[in-house]
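>>> pasting the sequence and the predicted coordinates here, then a few questions.
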Amino acid sequence: MLLDDSLRGAELVARFDGLLVDVGSGGGAPGIPLAHADPGREVVLLEAERRKCAFLEQWAPANARVVWGRAEEQATDWAGVAVAKALAHPPTAAEWCLPLVREGGAVVLWVGPSAEPGRVAAVAARIAAEPEDAPDGFLVLRKVGPTPEGFPRRVGVAKKRPLA
């Protein structure tokens, strides 16, 4: 089930060039299946919990590397595409992922029926991105400019004081 669900996003991710970062990789979905599906693409599995990183390091394919850290503490504007599944409420996940992506790249979020696309679009607008058409179960946010000053906000702020 996790494998199939992860691979449902492979076509969306393939629309964007460059390094892929799976934010909040946890148990490796969707990052590890996407890395296997595209062995020519460099993949970063970004995870804040050290014990989960140890698990990821055991299962990461050759084209993936594990980074221990929080999204808010990473450099900005470096990834071609960021993906997240079950990371946080979609507006918060968008705020954590968008600063990582360079102009022309995108964020692909796996979402459920309560995703509130309007709230996610409002967050995207604040962080130089705009929504694109996507199949049910996904939100795609294309980065249209560099990350604005003030983003990412400090660790914990996005969850405590959401933008939208």
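Okay, I see it.
>>> make it CA atoms for all contacts and neighbour counts henceforth
Fine.
>>> what sits up against the lowest-mean-pLDDT helix or strand in the chain?
Here the helix or strand of the chain ranked lowest by mean pLDDT, DSSP states H and E is helix 2-7, holding a mean of 86. Helix 2-7 is contacted from outside by Ala29, Pro30, Gly31, Pro33, Leu34, Ala37, using Cα atoms under 8 Å, 6 or more residues apart in numbering.
>>> can you check stretch 47-56 too?
By Cα under 8 Å, 6+ apart, stretch 47-56 touches Val23, Gly24, Ser25, Gly26, Gly27, Gly28, Leu45, Val66, Val67, Trp68, Gly69, Arg70.
>>> so where's this structure uncertain?
1 (pLDDT under 70).
>>> mind doing that once more with 50?
For the chain, no stretch is flagged by pLDDT under 50.
>>> for it, which segments count as helices?
For the chain, the helices defined by DSSP state H occupy 2-7, 10-14, 31-37, 50-59, 90-97, 117-126, 157-160.
>>> could you export those to CSV, including columns for distance to Phe151 and mean neighbour count?
As requested, the helices of the chain are exported to CSV (distance: least, Cα to Cα, whole Å; neighbours: other Cα atoms under 10 Å):
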stretch, distance to Phe151, mean neighbour count
helix 2-7, 28, 15
helix 10-14, 24, 16
helix 31-37, 24, 22
helix 50-59, 25, 15
helix 90-97, 8, 25
helix 117-126, 9, 18
helix 157-160, 10, 14
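>>> out of these, flag the one nearest Leu141.
Closest approach to Leu141 among those is made by helix 117-126 (6.9 Å; Cα to Cα).
>>> still on that earlier bit, of the helices of the chain, which is nearest Ala84?
Ala84 lies closest, by Cα to Cα, to one member of the helices of the chain: helix 90-97, at 7.2 Å.
>>> by contact count, what packs against the closest one?
If contacts are counted by 3 or more Cα pairs under 8 Å, 6 or more residues apart in numbering; DSSP states H and E, helix 90-97 sits against strand 79-85, strand 101-110, helix 117-126, helix 157-160.
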